[in-house]
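Peer 1: Using only what follows, build the 3D model:
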Amino acid sequence: MGQLNTCEPCNAIKRHFKNDNSQHNDNKPSSQQIHNNNGIQNENNNHPMDNETNSSVDNNIKPLNNVSSLKHSNIQNLSNNTNISPLETPVSLKLNENIKNNDTLIKDPIKFKCTKILQNNEAIMCLIELSNGYIATSSDNNNIHIWNINNNNPIKTIKTSKKVVCLLEFSPGILLCGNDNNEIEMWNINESKNLEFTFQGHLLWVNCLTKCNDNFFASGSNDSDIRIWNFSEKSEFNVLKEHEDAILSLITLKDGKLCSGSADLTIKIWDWKNGVCNATLREHTRWIKCVFQLLNGNIVSGADDKTIKVWNNNRCIKTFSGHKKSVRTICQISENIIASGSFDNTIKIWDINNNVCLQTLDGHSSKVIGLIMHSSGLLISASNDKMIKIWTYK
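Peer 2: Residues are numbered from 1 along each chain as shown. Model prediction:
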């Protein structure tokens, strides 16, 4: 059962970061650290993203003098209607529109507070927002839960036969689920017969999914391949093979290209239609766990080296340090504000213009594996502690 809870954030604004002068091991992590010949990686059969390579590298950024303000959006409540129809509960204000249309600047320091907890009772592996404003989570006991964030319990549960590692809503009501059996299953969450098709081709389990356009999607796997799929024809279109280790993160950029982060310590930019790698970005020293594109087109990445890097025109222009363990997930709150979730159990709020950490949220007791800025204006986090937390700007 879910419960209401209010958690006071732990830290005030931090303007200075300390250098970590310890030396790091330059040996590249091996793919055997991710998987064995059977495609299952470690003793506990955990998601590869749930494991962390050792690193003592922490780069430093010099803080500037001023802290920019957060543009605050009014929070719009979702409907309490538990019908799963994808068009029942549209959310009228998206993040881009909030930023564009709201002229009010919050002068006070950023302050998020946990205002609600959804108890999942299962360790969460993935968190996404659906097109109707609901959220979907996958858990380590093969369940997919659909949530209305106004309610305390899932409004629908889909039981699968495999562990679902990643989720993608390809179209309203249609979920693609990458699993630890090297497959991508297609589920219709509006029908009684949920499983409609299974895409097969990867040799090891599937870590990440992204929609390329209205008819194609891409998947990244521990087999180091990115596969492009024709959704309508239910067939494989292309395979991108230049990475040397597991694909851990994958997004579609505004220009239609793909961006992938890998355990080979590189980020690659792809022309997926022609199967060409346009650029390779090298700065991280450990596995790259997440990539995200900002509204201004810059790319942000998080890695096991505990850093967050900002990229412009394929060049690293900023590095943020502060997390004590791997950075697993990143989302954008407003034009200049991002949030990062880490294996150190915290969420950090960053001003990327003025290069400072504005707040640290300490509400979780285990790894933060999912973080989204919900279209209603709420920050939502998911963790291995079996909790989904909803954070409100105060």
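
Peer 1: Which of the three states applies to the residue sitting nearest the centre point of the chain?
Peer 2: The centroid of the chain falls nearest to Thr329 when counting by CA atoms, centre = their mean (4.3 Å). Secondary structure for Thr329, judged by DSSP: H, G, I helix; E, B strand; the rest coil, is strand.

Peer 1: Enumerate the beta-bridge partners assigned to it.
Peer 2: Gly341 (DSSP bridges).

Peer 1: Show the contacting residues for it.
Peer 2: Lys289, Cys290, Gly302, Ser340, Gly341, Val368, Ile369, Gly370, Leu371 (CB atoms under 8 Å, 6 or more residues apart in numbering). For the C-beta atoms, the positions are set from N, CA and C on the backbone; glycine is no exception.

Peer 1: Relative to the whole chain's centre, how far out is the helix or strand hosting the first one?
Peer 2: Following DSSP states H and E, one finds Lys289 within strand 288-293. Between the mean C-alpha point of strand 288-293 and the mean C-alpha point of its chain there is a distance of 7 Å (CA atoms, centre = their mean, to the nearest Å).

Peer 1: swap in stretch 297-312?
Peer 2: 13 Å.

Peer 1: Check stretch 189-208 too.
Peer 2: 20 Å.

Peer 1: buried sites along that stretch?
Peer 2: Ile189, Asn194, Phe199, Gly201, His202, Leu204, Trp205, Val206, Asn207, Cys208 (16 or more other CB atoms under 10 Å).

Peer 1: before we move on, the earlier item: packing partners for the strand holding Lys289?
Peer 2: strand 247-252, strand 258-262, strand 266-271, strand 299-303, strand 327-334 (3 or more CB pairs under 8 Å, 6 or more residues apart in numbering; DSSP states H and E).

Peer 1: switch the cut-off to 6 Å
Peer 2: strand 247-252, strand 258-262, strand 299-303, strand 327-334 (3 or more CB pairs under 6 Å, 6 or more residues apart in numbering; DSSP states H and E).

Peer 1: if I look at Lys289, how far off is Asp351?
Peer 2: According to CB to CB, to the nearest Å, Lys289 and Asp351 sit 22 Å apart.

Peer 1: now swap in Gly341 and tell me
Peer 2: 17 Å.

Peer 1: These two: which is more packed in?
Peer 2: Gly341 (31 against 24; other CB atoms under 10 Å).

Peer 1: you'd agree that one is up against Ile369?
Peer 2: No. In this structure, Gly341 is not within contact of Ile369 by CB atoms under 6 Å, at 7.1 Å.

Peer 1: shared neighbours, those two?
Peer 2: Arg328 (CB atoms under 6 Å, 6 or more residues apart in numbering).

Peer 1: which phi and psi does the nearest residue to Lys241 once chain neighbours are set aside have?
Peer 2: In space, and not counting its chain neighbours, Lys241 is closest to Asp225: 5.7 Å by CB to CB, 6 or more residues apart in numbering. The phi/psi pair for Asp225 (degrees, to the nearest 10) reads phi -100, psi 150.

Peer 1: From Ile299, how far off is Asp225?
Peer 2: 21 Å.

Peer 1: between these two, which one's more packed in?
Peer 2: In this view Asp225 and Ile299 are compared by other CB under 10 Å, and Ile299 has more residues nearby, 22 against 19.

Peer 1: Nearest spatial neighbour of the more buried one, chain-adjacent residues omitted?
Peer 2: Trp311 (4.3 Å).

Peer 1: dump the residue contacts of Glu242.
Peer 2: Taking CB under 6 Å, 6+ apart as the test, what Glu242 contacts is Cys277.

Peer 1: quick check, it in a helix?
Peer 2: No. Checked against three-state DSSP, Glu242 lies outside a helix; its state is coil.

Peer 1: can you tell me how far it sits from Val276?
Peer 2: 9 Å.
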